[in-house]
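J.: let's see this in three dimensions:
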Amino acid sequence: QVQLVESGGGLVQAGGSLRLSCAASGRSFSGYAVGWFRQTPGKEREFVAAITGATGTTYYADSVKGRFTISRDNGKNTVYLQMNSLKPEDSAVYYCAATPYYTGNSFQRFNYWGQGTSVTVSS
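T.: Model (predicted):
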């Protein structure tokens, strides 16, 4: 069982930066793939970025490539999402999710979810 807690959301101006954190419980967390997803009202949860457990391979949605960076610190059981050059369209509730077996970036492939943290980017 893995429990995830996101933090770091807030209000920022366009062009600014935020760093989201996803703190996890569980002794085997270093082996889990972790993804960040975002959701706005009335829309399906959207993949943002993911990092695998074994190799640390990273994946990004085209909309955030070059602006967002996902990383992990297994010693702290924490995954980060550094978000730079933020745009108003990045505004959403951001969720982190984990799975013991990475099989793709669809939100249905992730088993454990945090409660979300809200990001608002003003223009």
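
J.: CA only for contacts and neighbour counts going forward, please
T.: Noted.

J.: helix/strand/coil for Gly66?
T.: coil (DSSP: H, G, I helix; E, B strand; the rest coil).

J.: quick one: it from Leu86, how far?
T.: Taken as CA to CA, to the nearest Å, the spacing of Gly66 relative to Leu86 amounts to 11 Å.

J.: repeat that for Asn111.
T.: With distances taken as CA to CA, Asn111 is found 28 Å from Leu86.

J.: tell me which of the two has more neighbours.
T.: Neighbours were tallied for Asn111 and for Leu86 using other CA atoms under 10 Å; the higher tally belongs to Leu86 (23 against 13).

J.: for that one, which non-adjacent residue is spatially closest?
T.: Excluding the flanking residues, the one nearest Leu86 by CA to CA, 6 or more residues apart in numbering is Gly15, at 4.9 Å.

J.: excluding its backbone neighbours, what's nearest Leu18?
T.: Leaving out its chain neighbours, Leu18 is closest to Met83 (CA to CA, 6+ apart), at 5.2 Å.

J.: what does Gly53 give?
T.: Closest residue to Gly53 apart from its sequence neighbours, by CA to CA, 6+ apart: Gly31 at 4.3 Å.

J.: could you pull up the residues touching the one you found?
T.: Thr52, Gly53, Ala54, Pro100 (CA atoms under 8 Å, 6 or more residues apart in numbering).

J.: returning to what we had before: and the residue nearest to Leu18, what are its bridge partners?
T.: Taking DSSP bridges, one finds Leu18, Phe68 as the beta-bridge partners of Met83.

J.: what's the answer for Gln13, then?
T.: In this structure, Gln13 bridges to Ser122 when assessed by DSSP bridges.
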